[in-house]
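# what follows is a predicted protein model with its sequence.
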Amino acid sequence: MADVAMWTDKKVKADFEAKARARLEELQADLTGQEGVVAIEPESGEYFDGATLGKAHAAANAQHPDKWVYFVRLEDPEAAIALPTW
């Protein structure tokens, strides 16, 4: 089960999101011009892109089951959410 501290501890969530956004900044050159959703697992730095959240999730879940992942819409990086893989 994914760590519930992400729901209950604002600092844990803020730290997770900051790390994920930093990784997104590092990936900008590789992701420029792409559309869809990228899933970032901040602890490993791995990322998975897909045309939809479902496809990005499936790729992330295959490598990081039951972990928190940061999903970002590539066309609008402000459209982002942390979700556990399921």
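It's in.
# the spatially closest residue to Pro42 that is not a sequence neighbour: neighbour count?
Closest residue in space to Pro42, ignoring its immediate chain neighbours: Lys19 at 4.0 Å, by CB to CB, 6 or more residues apart in numbering. No exception for glycine: its C-beta is placed from N, CA and C like everyone else's. Lys19 is flanked by 15 other residues according to other CB atoms under 10 Å.
# what mean pLDDT does whichever strand or helix holds Lys19 get?
Lys19 belongs to helix 10-31 when assigned by DSSP states H and E. The average pLDDT within helix 10-31 is 96.
# give me the contact list for it.
With CB atoms under 8 Å, 6 or more residues apart in numbering as the test, helix 10-31 has contacts from 3, 5-7, 38, 40, 42-43, 45, 47, 49, 68, 70, 72, 74, 77, 80, 82.
# give the buried residues for the longest strand seen in the chain.
Looking across the chain with DSSP state E, the single longest strand is strand 76-84. By neighbour count on 16 or more other CB atoms under 10 Å, the buried set for strand 76-84 is 80, 82, 84.
# for these, give me CSV that also has pLDDT and distance to Ala14.
Below are the buried residues of strand 76-84 laid out as CSV (pLDDT from 0 to 100; distance: CB to CB, whole Å):
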residue, pLDDT, distance to Ala14
Ala80, 97, 13
Ala82, 96, 10
Pro84, 94, 17
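# next helix or strand past the helix holding Lys19?
Assigned by DSSP H and E, the successor of helix 10-31 is strand 37-41.
# now that following strand against helix 10-31, angle please.
Interaxial angle of strand 37-41 relative to helix 10-31 (axes from the mean of the first three to the mean of the last three CA atoms, to 10 degrees): 130 degrees.
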